[in-house]
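Visitor: structure of the sequence below:
(3 chains)
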Amino acid sequence: MYSPQFQSGAARIAGPAFTVKFVPKDDIIHPKPAGHYSGLRALLQEIAHSFSSQIDQVPKDSVIFISQPRPHINAVFGGLMALRAHKLGTAGVVIDGRLRDLQDHRALGLPVFARAVGTTAGGAVCRPSEVNVPIRFSSEIQEAWIRPGDFIIADLNGVVSLPKELAEPVLDIIPRIVEADRKCADSIEQGRSVEEVFKEFRT
Amino acid sequence: MYSPQFQSGAARIAGPAFTVKFVPKDDIIHPKPAGHYSGLRALLQEIAHSFSSQIDQVPKDSVIFISQPRPHINAVFGGLMALRAHKLGTAGVVIDGRLRDLQDHRALGLPVFARAVGTTAGGAVCRPSEVNVPIRFSSEIQEAWIRPGDFIIADLNGVVSLPKELAEPVLDIIPRIVEADRKCADSIEQGRSVEEVFKEFRT
Amino acid sequence: MYSPQFQSGAARIAGPAFTVKFVPKDDIIHPKPAGHYSGLRALLQEIAHSFSSQIDQVPKDSVIFISQPRPHINAVFGGLMALRAHKLGTAGVVIDGRLRDLQDHRALGLPVFARAVGTTAGGAVCRPSEVNVPIRFSSEIQEAWIRPGDFIIADLNGVVSLPKELAEPVLDIIPRIVEADRKCADSIEQGRSVEEVFKEFRT
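Guide: Numbers count the residues shown, from 1 in each chain, chains lettered A, B, ... in the order given. Model prediction:
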């Protein structure tokens, strides 16, 4: 979590994923999006923004999930995109890559999660390809696919993707876990051992 | 340092190490601890906590040192463990791995140091094995062993392990270094060169 | 950005680079600097500071760029160096490596950028070699040379090096980009689409 604060504060987001897939700039396999990205772009355009028509499609209350190809050179999400996403009522933005214009995201109070910050736009090395397609999450330690409509949940501890099929079962289970945790916390607060309270409330 | 604040503030801890060693869940070489971990655990138990009887053994004023096997998937220290450790009077917690429930650690004011945050408990991939055994610190750049009773010292700059045999010699040397540094700082403040003040106070 | 705050706040620096190159301690190819580093050093000296005569040469308003050899064990810039650099009027410090004494840099309000924090001085593993020589920036993802006098620009989003030959052309281009961005932001604020405003203000 980089915004509203760096891994701090009470901000939490949850919503269906709107996915945006970036590919290396010289990638000729993945389709080019409609919009003004299909023609020759001026240098100014190239360095100054990352995607445009894609951001205008963001549905209200969705979480924008942006996948940047590795290596993560430059940034794929900046202040103007944040302003538009905020205007359209996004719940927040999760970037498997770099963001920039951090001060702008914070001024908007927009929750933004990313791997790192960056200084320049990604136009020189990558370009947006498809929106609302399944995206493979490129983690070092776990493999996952994020599909449009999967639920993205995030706070200062990190980001979770919940497959849409599991949303109802999870909503059924969570209250019981939360209640058991609350009872455990109350008992530990009173000085009881974890072993004891886990036996009482978690079996 | 993730708590009380992220690499900020005056929090400092020092104390003898109480070590907790996690091993991969499918590890059949390392012993399983006594307690309710020896039986078959319900899914709820598995996902909702990481260790229990281990935390109840933490001595007052000790620093809990937790070693998580690589890769560091999920988190090995959360809010309920923090609450219990705080009740037992721990000086702080150092995790060679991931923590979660960061908001809980901060609400307690508990100093916690880790490599990263995480969202879910580690039960699906690792389990606590032994406590108070020497632990090999798995750094990319340096090798070290942390033994029970070695001194762990940590602040916003990071974590140091001081072998217990060296504690007395170090306590003998440190005041002289601190005093030399103070004299250097005073002189630099007055506009003198570093080269000059180092020659005067450090030779 | 670690100081004045961790990737937060309005601090921005820009200035010509004053470069300091560290080499591994056992490196016998690179020249040793003049000053008190040429003799045998006492243990106290070795552990308590990293460089001295180098820091005294820092010109007012310059940005100190320090290159630490990999792996980045320990720290190459601490509180006394920060105090001297601040006294000499440096604009800020960029470290391709680790810093320590973070609390001191923040107390001075000195802008300091680095890869990570560290606890002990680097004297045991590396030493300063040359100042004001071109330095190869050891990034995982991009290659670059920082030459003395190249402009270093940095804020909460990261660090940029601008070759001195490009300073004038960039100063010519930037106001137009800033103005176009301001117009875009105003229009997006009024509810217009990014695609539309980019077509209007960026072509």
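Visitor: near chain B, which residues of chain A? Just list them.
Guide: With the criterion set to CB under 8 Å from any CB of the partner chain, chain A comes near chain B through A:6-8, A:10, A:140-142, A:155-160, A:173, A:176-177, A:180-181, A:184-185, A:188-189, A:191, A:193-195, A:198-199, A:202-203. Backbone N, C-alpha and C define where each C-beta goes, glycine included.
Visitor: pull the longest strand from chain A.
Guide: Looking across chain A with DSSP state E, the single longest strand is strand A:13-24.
Visitor: so which bits of the lengthiest helix in chain A are buried?
Guide: Using DSSP state H, we find that the single longest helix of chain A is helix A:167-189. By neighbour count on 16 or more other CB atoms under 10 Å in any protein chain shown, the buried set for helix A:167-189 is A:180-181, A:184-185, A:187-188.
Visitor: what is the most widely separated pair among the residues you listed?
Guide: A:Ala180 and A:Ile188 (12.4 Å; CB to CB).
Visitor: wait, A:Gln5 sits on A:Leu102?
Guide: No. Using CB atoms under 8 Å, A:Gln5 is not in contact with A:Leu102, being 10.6 Å away.
Visitor: these two: who's more crowded?
Guide: Between A:Gln5 and A:Leu102, counting by other CB atoms under 10 Å in any protein chain shown, A:Leu102 is the more crowded of the two (26 against 15).
Visitor: that one contacts C:Asn157, doesn't it?
Guide: Yes. Taking contacts as CB under 8 Å, A:Leu102 lies within contact range of C:Asn157: 5.5 Å.
Visitor: any residues in contact with both of the two?
Guide: A:Val117 (CB atoms under 8 Å, 6 or more residues apart in numbering or on different chains).
Visitor: okay but A:Lys164 is in contact with A:Pro148, surely?
Guide: No. At 9.1 Å, A:Lys164 does not count as touching A:Pro148 under the criterion of CB under 8 Å.
Visitor: put the alpha carbons of the longest helix of chain A into PDB.
Guide: Extracted in PDB, the C-alpha atoms of helix A:167-189 (Å, rounded to 0.1, in the frame of the first residue of the first chain):
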ATOM      1  CA  ALA A 167     -17.100 -15.200  -2.600                       C
ATOM      2  CA  GLU A 168     -20.300 -16.600  -1.200                       C
ATOM      3  CA  PRO A 169     -18.600 -19.600   0.700                       C
ATOM      4  CA  VAL A 170     -16.100 -17.200   2.200                       C
ATOM      5  CA  LEU A 171     -18.700 -14.700   3.300                       C
ATOM      6  CA  ASP A 172     -20.300 -17.700   5.100                       C
ATOM      7  CA  ILE A 173     -17.100 -18.700   6.900                       C
ATOM      8  CA  ILE A 174     -15.500 -15.400   7.700                       C
ATOM      9  CA  PRO A 175     -18.000 -14.200  10.500                       C
ATOM     10  CA  ARG A 176     -17.300 -17.400  12.400                       C
ATOM     11  CA  ILE A 177     -13.500 -16.900  12.200                       C
ATOM     12  CA  VAL A 178     -13.800 -13.200  13.200                       C
ATOM     13  CA  GLU A 179     -16.000 -14.200  16.100                       C
ATOM     14  CA  ALA A 180     -13.600 -16.900  17.300                       C
ATOM     15  CA  ASP A 181     -10.700 -14.400  16.900                       C
ATOM     16  CA  ARG A 182     -12.600 -11.800  19.000                       C
ATOM     17  CA  LYS A 183     -13.200 -14.400  21.800                       C
ATOM     18  CA  CYS A 184      -9.500 -15.400  21.700                       C
ATOM     19  CA  ALA A 185      -8.400 -11.800  21.900                       C
ATOM     20  CA  ASP A 186     -10.600 -11.100  24.800                       C
ATOM     21  CA  SER A 187      -9.300 -14.100  26.700                       C
ATOM     22  CA  ILE A 188      -5.700 -13.400  25.900                       C
ATOM     23  CA  GLU A 189      -6.300  -9.800  27.100                       C
END
